[in-house]
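Engineer: sequence plus predicted model, see below.
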2 protein chains.
Amino acid sequence: MHKQEVTIYDVAREAKVSMATVSRVVNGNSNVRKETRDRVLEVIKRLHYQPNAVAQGLASKRTTTVGLIVPDLTNLYFAELSKGIDDIALLYKYNIIITSIENRLMKEDQVIQSLLNKQVDGVIYMSNRLSDKAAEAFKRTKTPVVLAGTKDNRDDFASVTIDYKKADTEALNLMLHDGKRHLGIVVGDQDAVVNGENRIPAYEEFMEENDLGAPRIYTDIKDYSDGYNLYPQLVKDGVDGVIVTRDISSVGILNSAMDAGKKVPEDLEIVTASATQLASVVRPALTTIKQPLYDMGAVAMRMLTKLMNNEEVDDIHITLPYELVKKQSTLNQ
Amino acid sequence: MHKQEVTIYDVAREAKVSMATVSRVVNGNSNVRKETRDRVLEVIKRLHYQPNAVAQGLASKRTTTVGLIVPDLTNLYFAELSKGIDDIALLYKYNIIITSIENRLMKEDQVIQSLLNKQVDGVIYMSNRLSDKAAEAFKRTKTPVVLAGTKDNRDDFASVTIDYKKADTEALNLMLHDGKRHLGIVVGDQDAVVNGENRIPAYEEFMEENDLGAPRIYTDIKDYSDGYNLYPQLVKDGVDGVIVTRDISSVGILNSAMDAGKKVPEDLEIVTASATQLASVVRPALTTIKQPLYDMGAVAMRMLTKLMNNEEVDDIHITLPYELVKKQSTLNQ
DNA sequence: GCACAAAATGCAAGCGTTTACAGATTTTCT
DNA sequence: AGAAAATCTGTAAACGCTTGCATTTTGTGC
């Protein structure tokens, strides 16, 4: 690599001022006479000067970069969260370093460490469960962290979520009122805090309270074919209504049922707990717990900007409203 | 922000060597006696020393970061490309700064400039059409650029694509052989080089050569509802077979047809030109030109690593094979 | 025109690394 | 054992910027 072509020093010389003044102009510091500012700006333009953000970062100890940690880029759930984050980040002029961690080449804490080494000003974590090592690393550096669409059982980290328990209970109630009494729950990763400590307990309590018999919990159903292949088991277990955490799995179940000549919602009701595009384009369209994913991302990023500027944040645990949207995969529209 | 807690200097002092030696150990330089190396490593571990990547970047002029430019994060086409990129990037220990540019808060060249200011070692561009200003900026900095899943009419930039003309012609032929003679093409952005200079010309030539009458080109069909709302027009125009560039739009057309009580493929054949998850989960499943998106991303990133290391690259224009996958939205399965 | 405050500018020391180059130490060979 | 070669380690100058502080310039009121 070669030396940078034009530096702040070149501008300073050409404009007959010191580097300090150029720096002030570049950073919009008001302590510069208009006349001087204009002269500097003219030179900047003429020389095509662009500040070196790495050097700025080293000198100022702020990189205007935030890290995003996500399990999988191709999961629309995270893509929609990320979009909300991205828009707000752009607004506040932050760049985004994104790292997906489902790939097992590196362990989570290594990925996070490498992010922190890049001196990101903040991190938004969207994965399922923060490992102890990772949490430790976060605390050691004092880099602010916000969890978006996920929870941690330490209550140390800021988060933006919906009320998963309430949402699931409402969805289960819907199916119960539709006359379904053999309700099941299908989750991807049962170790995820959202599932293990919110959704599944909510389901278990619901079954208990309504005297609906033994829980039917299906775990590790992560993609389309997992869902597709699960369907026969649901039939065998006599399940007539399921709440499914991932919508891609819901679609698998749906298509499997249809291919078997069954009817949705008559034979099986499906409510998907994380609505993306997918849920609304399949037929019958899926009834969903509609999480405000874009907003969750946006709110998380906005909160992060405050934390990065040491501004006051009233409550670091934000719960956004969800909506139970009835479509064709449940009765009683 | 506060000073970094432990620096290379602390390690040096503690291990009774110079910073240079610590630096060598950190960077795996072999010119260090094993004994010294072990001592340094022990101190690094004990002190939890982590190198500051920003300082490394400034000193070495390599940031081990690449920039990704994408129109929209929630478009699965780009998500799947990105996944291929991400995996290879991880393998070569690059971080990824991702910027989406559909958001019109900043113009493309501003976004690119901000990426270049961050001193990324390379860029992968996946958007539709590189503006002149952007191309200029790329050339000015000598930062290597690879286009993935997109083209540029200047032939200056490396690219990884499929043969769009051939693929589309093959798809059109399929429909023609199914007896469809009123063929149309539906594109998102006609200014995209891939559409304007490959797909549409291929379609026009095909219509001409097969004497199929006036071309029916539908442009600016970008999302689900655009597709949904387009269907009546297709009916009015008597179209009985379409090739659609975006699969989300295909699904819109499909659902619109179904909702209107029409039959796919009997009344209308649909071939979607960029197959993601979506195309295979809807029913009837869509016949697709299956682009190897993951591989395209991976190959692009691999090529970029070579360019960043000034290695030889035999051909900077790589064309990967596609596959025409017949599903239920065309006859003759 | 003067004293003083306010505004504008410059000086120079960082920020935490890498990397020529030189110097020191160890190994190899005769 | 001694010289030459090979290996290892240290010195110090970058890298391109920010920023506290000192200094100079400008503006204000009388």
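Structural biologist: That came in fine, so what should we check first? Residues are numbered from 1 along each chain as shown, chains lettered A, B, ... in the order given.
Engineer: low pLDDT regions in the stretch 1-150 of chain A?
Structural biologist: Residue ranges of the stretch 1-150 of chain A with pLDDT under 70: A:1-4.
Engineer: for it, what lies in contact range of DNA strand C?
Structural biologist: A:16-21, A:24, A:30-37, A:55, A:58-59, A:61 (CB under 7 Å from any atom of the strand). C-betas here are computed from N, CA, C, even on glycine.
Engineer: and chain B, which of those contact it?
Structural biologist: A:55, A:58, A:61 (CB under 8 Å from any CB of the partner chain).
Engineer: dump the residues you listed to a markdown table, plus secondary structure and neighbour count.
Structural biologist: Listed next are these as a markdown table, based on DSSP: H, G, I helix; E, B strand; the rest coil; neighbours: other CB atoms under 10 Å in any protein chain shown:
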| residue | secondary structure | neighbour count |
| --- | --- | --- |
| A:Ala55 | helix | 17 |
| A:Leu58 | helix | 18 |
| A:Lys61 | coil | 15 |
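Engineer: picking up where we left off before, okay, and which of the residues of the stretch 1-150 of chain A next to DNA strand C map to helices?
Structural biologist: If you go by DSSP state H, these have A:19-21, A:24, A:34-37, A:55, A:58-59 in helices.
Engineer: which single one of the ones next to chain B among the residues of the stretch 1-150 of chain A next to DNA strand C is nearest to DNA strand C?
Structural biologist: A:Leu58 (4.1 Å; CB to the nearest atom of the strand).
Engineer: is it true that that closest one touches B:Leu58?
Structural biologist: Yes - the pair A:Leu58 and B:Leu58 qualifies as a contact (CB atoms under 8 Å) at a distance of 5.2 Å.
Engineer: near DNA strand D, which residues of chain A?
Structural biologist: A:3-4, A:7-9, A:19-20, A:23-24, A:26-27, A:51-52, A:55-56, A:58-60.
Engineer: tell me the spacing between A:Gln233 and A:Thr287.
Structural biologist: 21 Å (CB to CB, to the nearest Å).
Engineer: who has more neighbours out of those two?
Structural biologist: Between A:Gln233 and A:Thr287, A:Thr287 has the larger neighbour count (other CB atoms under 10 Å in any protein chain shown), namely 27 against 12.
Engineer: that one: what's it in contact with?
Structural biologist: Listed by CB atoms under 8 Å, 6 or more residues apart in numbering or on different chains, the contact set of A:Thr287 reads A:171, A:174, A:269-272, A:324-330.
Engineer: check contacts around the closest residue to A:Leu90 other than its chain neighbours.
Structural biologist: Among residues not flanking A:Leu90 along the chain, B:Leu105 sits closest, at 5.3 Å (CB to CB, 6 or more residues apart in numbering or on different chains). For B:Leu105, the contacting residues are A:87, A:90-91, by CB under 8 Å, 6+ apart.
Engineer: quickly note the distance from A:Asn52 to A:Ile44.
Structural biologist: A:Asn52 is 13 Å from A:Ile44, by CB to CB.
Engineer: now do the shared contacts for these two.
Structural biologist: Between them, A:Asn52 and A:Ile44 share no contacting residue, judged by CB under 8 Å, 6+ apart.
Engineer: that older thread, report the buried members of the residues of chain A next to DNA strand D.
Structural biologist: A:4, A:7-8, A:23-24, A:26, A:51-52, A:55-56, A:58 (16 or more other CB atoms under 10 Å in any protein chain shown).
Engineer: closest to B:Gly297 out of those?
Structural biologist: A:Asn52 (28.7 Å; CB to CB).
Engineer: list the beta-bridge partners for the residue lying closest to A:Met303 once chain neighbours are set aside.
Structural biologist: With CB to CB, 6+ apart as the criterion, A:Met303 has its nearest non-adjacent residue at 5.5 Å, and that residue is A:Val146. Following DSSP bridges, A:Val146 is listed with bridge partners A:Ile124, A:Ala158.
Engineer: any idea how far the one helix or strand A:Ala257 maps to is from the chain center?
Structural biologist: Using DSSP states H and E, A:Ala257 falls within helix A:247-259. Chain-centre distance of helix A:247-259: 24 Å, with CA atoms, centre = their mean, to the nearest Å.
Engineer: just stretch A:294-310 next, same as before
Structural biologist: Worked out by CA atoms, centre = their mean, stretch A:294-310 lies 12 Å from the chain centre.
Engineer: what are the buried residues along it?
Structural biologist: Result for stretch A:294-310 [16+ other CB under 10 Å]: buried residues A:294, A:296-308.
Engineer: just stretch A:128-148 next, same as before
Structural biologist: Neighbour count says stretch A:128-148 has A:128-130, A:134-135, A:137-138, A:141, A:143-148 buried, by 16+ other CB under 10 Å.
Engineer: got it, and stretch A:237-250?
Structural biologist: Within stretch A:237-250, the residues scored as buried using 16+ other CB under 10 Å are A:239-250.
Engineer: quick one: mean pLDDT over that stretch.
Structural biologist: The average pLDDT within stretch A:237-250 is 95.
Engineer: and what of stretch A:288-302?
Structural biologist: The pLDDT scores in stretch A:288-302 average 97.
Engineer: just read off the phi/psi values of the residue nearest to A:Pro292 when sequence neighbours are not counted.
Structural biologist: With CB to CB, 6+ apart as the criterion, A:Pro292 has its nearest non-adjacent residue at 5.3 Å, and that residue is A:Leu320. Main-chain dihedrals, A:Leu320, degrees, to the nearest 10: phi -100, psi 150.
Engineer: one more: A:Thr161?
Structural biologist: Backbone phi and psi, for A:Thr161 under degrees, to the nearest 10, turn out to be phi -140, psi -180.
Engineer: pretty sure it contacts A:Met296?
Structural biologist: Yes - using CB under 8 Å, A:Thr161 is in contact with A:Met296, at 7.4 Å.
Engineer: ok, back up a step: in helices only, show me the buried residues of stretch A:294-310.
Structural biologist: Per DSSP H, the subset of those in helices is A:294, A:296-308.
Engineer: closest one of the buried residues of stretch A:294-310 to DNA strand D?
Structural biologist: Closest to DNA strand D, out of all of these and judged by CB to the nearest atom of the strand, is A:Met308, at 13.8 Å.
Engineer: how close does the closest one get to A:Arg62?
Structural biologist: For A:Met308, the distance to A:Arg62 - CB to CB - is 8 Å.
Engineer: what of A:Ser82?
Structural biologist: 22 Å.
Engineer: more crowded one of those two?
Structural biologist: A:Ser82 (28 against 13).
Engineer: the more buried one reaches A:Asp72, doesn't it?
Structural biologist: No - using CB under 8 Å, A:Ser82 makes no contact with A:Asp72, being 11.2 Å away.
Engineer: what sits against the residue of the stretch 201-333 of chain A found nearest DNA strand C?
Structural biologist: The nearest approach of the stretch 201-333 of chain A to DNA strand C comes at A:Met308, 17.7 Å away (CB to the nearest atom of the strand). For A:Met308, the contacting residues are A:66, A:121-122, A:144, by CB under 8 Å, 6+ apart.
Engineer: could you redo the residues you listed as TSV and give each row secondary structure?
Structural biologist: Below are those laid out as TSV (DSSP: H, G, I helix; E, B strand; the rest coil):
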residue	secondary structure
A:Val66	strand
A:Asp121	coil
A:Gly122	strand
A:Pro144	coil
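Engineer: which one among the residues you listed gets closest to B:Tyr218?
Structural biologist: Of the contacts of A:Met308, the one sitting nearest to B:Tyr218 (CB to CB) turns out to be A:Val66, at 39.7 Å.
Engineer: burial count for the nearest residue to the closest one once chain neighbours are set aside?
Structural biologist: In this structure, A:Val66 finds its nearest non-sequential neighbour in A:Gly122, 4.7 Å apart by CB to CB, 6+ apart. Neighbours of A:Gly122 under the rule other CB under 10 Å: 22.
Engineer: A:Gly122 contacts A:Leu68, doesn't it?
Structural biologist: No - at 10.1 Å, A:Gly122 does not count as touching A:Leu68 under the criterion of CB under 8 Å.
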